[in-house]
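K.L.:
got a structure for you, letters missing:
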């Protein structure tokens, strides 16, 4: 949606759009190297290879929620190269509340590096993510299936159940049973 795109903190005009695309030609036009395109295509074809193929960031415990796609800005239908400081909200149809520690995995063609970005917001009800980017290019949404957190930020975990320490109650029960047993034995002897 046009109203969800900010460049340098300002809304864009009606002629500006953002688009996701996974065609090799789109990646090339955006300045993504053939080596990175090859890695992206391999990960998209077999997501279980995510942590082993993406170098430079710790992806232990992460899975793909979306495939990699190139994120580009277009003005009057023409690709704008090297757009910086973009904030974008987009729909992620398979975003579910059980996805923990949702992040955006991004490859910066400007800085030639992979990075894990923490979204500005994750709206599970509307299935949207808002992310700020220093620069654009390939992105994928990743998540951790559980509360494990290998990236150094606190996982979103909800504590459930009763955390009462049951040991004193177990000990009391054992003592009570022993007392009952002692009384029964004494009673039999006195009869």
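P.N.:
Okay, I see it. None of the values given here were measured: they were computed from a predicted structure.
K.L.:
next one: phi and psi at residue 127?
P.N.:
Phi and psi for residue 127, reported as degrees, to the nearest 10, are phi 60, psi 50.
K.L.:
how far away is it from residue 82?
P.N.:
In this view, residue 127 and residue 82 are 30 Å apart by CB to CB, to the nearest Å. Every C-beta, even on glycine, is put in place using the N, C-alpha and C of the backbone.
K.L.:
what of residue 114?
P.N.:
From residue 114 to residue 82 the distance is 18 Å (CB to CB).
K.L.:
of the two, who's got more company?
P.N.:
A side-by-side neighbour count of residue 114 and residue 82, using other CB atoms under 10 Å, places residue 114 first with 17 against 12.
K.L.:
can you pull out the low-pLDDT segments for this protein?
P.N.:
1-3, 146-191 (pLDDT under 70).
K.L.:
now the helices for it?
P.N.:
Under the criterion DSSP state H, helices of the chain are mapped to 24-29, 34-45, 50-53, 167-190.
K.L.:
by contact count, what packs against the third one?
P.N.:
Under the contact criterion of 3 or more CB pairs under 8 Å, 6 or more residues apart in numbering; DSSP states H and E, the helices and strands touching helix 50-53 comprise helix 34-45, strand 62-64.
K.L.:
ranges for the strands of the chain?
P.N.:
5-7, 10-11, 16-21, 62-64, 69-75, 78-80, 84-91, 100-108, 113-117, 121-123, 128-135, 138-144 (DSSP state E).
K.L.:
for residue 91, see how far away the residue nearest the centre of the chain is.
P.N.:
In the chain, the C-alpha nearest the mean C-alpha coordinate belongs to residue 102, at 2.1 Å (CA atoms, centre = their mean). Distance of residue 102 to residue 91, given as CB to CB: 14 Å.
K.L.:
same thing with residue 118?
P.N.:
Residue 118 is 19 Å from residue 91, by CB to CB.
K.L.:
same question, residue 128
P.N.:
5 Å.
K.L.:
which of those two has more neighbours?
P.N.:
Neighbours were tallied for residue 128 and for residue 91 using other CB under 10 Å; the higher tally belongs to residue 128 (17 against 12).
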